[in-house]
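Asker: sharing a model that was predicted from the sequence below.
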Amino acid sequence: SDFNISVDAGVLTISAERKEESDKKEDNYQRKEFTCSSFSRSFNLPENCSEEDIQARFEDGVLKLSISKKPQPEPKPKKAIEIK
C-alpha cells in the first residue's frame, strides 16, 4: 500500500512515501519525532510491451512487476514471382 505504480505514454513510474511518527513522554518532558522518506523512479517501456497487462506483487520485502509483451504479427511467407 506504500507504493504507487503508474503508466503514462510508455513511461512506467514507481514511487513510494513513508511517514512515521514517534512520541515519548517522560515526567518532565515530551519528545515527538517525525520521519518522512520518499523515492520515485521512472522507466521507458519498449514499444512491444502491453501497458494493460502490467501486474505487481510485493513478496518478502521485494516488489515484483510482470510486464507482458504484445503479440507479434507473424511474418508473411515469401511469395515467388513467376517470370513470363
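Answerer: Happy to help now that I have it. Given the structure is predicted, the values throughout are model-derived calculations rather than measurements.
Asker: give me the phi and psi for residue 55.
Answerer: Residue 55 adopts backbone torsions of phi -120, psi 150, taken as degrees, to the nearest 10.
Asker: which residue comes closest to it once chain neighbours are left out?
Answerer: Once flanking residues are discounted, residue 55 sits nearest to residue 66: 4.5 Å by Cβ to Cβ, 6 or more residues apart in numbering. Quick note: C-beta positions are derived from backbone N, CA and C, even for glycine.
Asker: burial of the one you found, as a residue count?
Answerer: 9 (other Cβ atoms under 10 Å).
Asker: ok, it - contacts?
Answerer: 53, 54, 55, 56, 57 (Cβ atoms under 8 Å, 6 or more residues apart in numbering).
Asker: can you pull the contacts of the fourth one?
Answerer: Shown in contact with residue 56 (Cβ under 8 Å, 6+ apart): 3, 5, 63, 64, 65, 66.
Asker: closest one to residue 27 out of the residues you listed, please.
Answerer: Comparing the contacts of residue 56 against residue 27 with Cβ to Cβ picks out residue 3 as the nearest, at 41.1 Å.
Asker: now, the contacts of residue 56 that are in strands?
Answerer: Among these, the members found in strands (DSSP state E) are 3, 5, 63, 64, 65, 66.
Asker: Serialize the residues you listed to a markdown table and add fields for pLDDT and distance to residue 42.
Answerer: As requested, the ones in strands among the contacts of residue 56 are exported to a markdown table (pLDDT from 0 to 100; distance: Cβ to Cβ, whole Å):
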| residue | pLDDT | distance to residue 42 |
| --- | --- | --- |
| 3 | 82 | 14 |
| 5 | 88 | 11 |
| 63 | 85 | 15 |
| 64 | 88 | 18 |
| 65 | 86 | 13 |
| 66 | 88 | 18 |
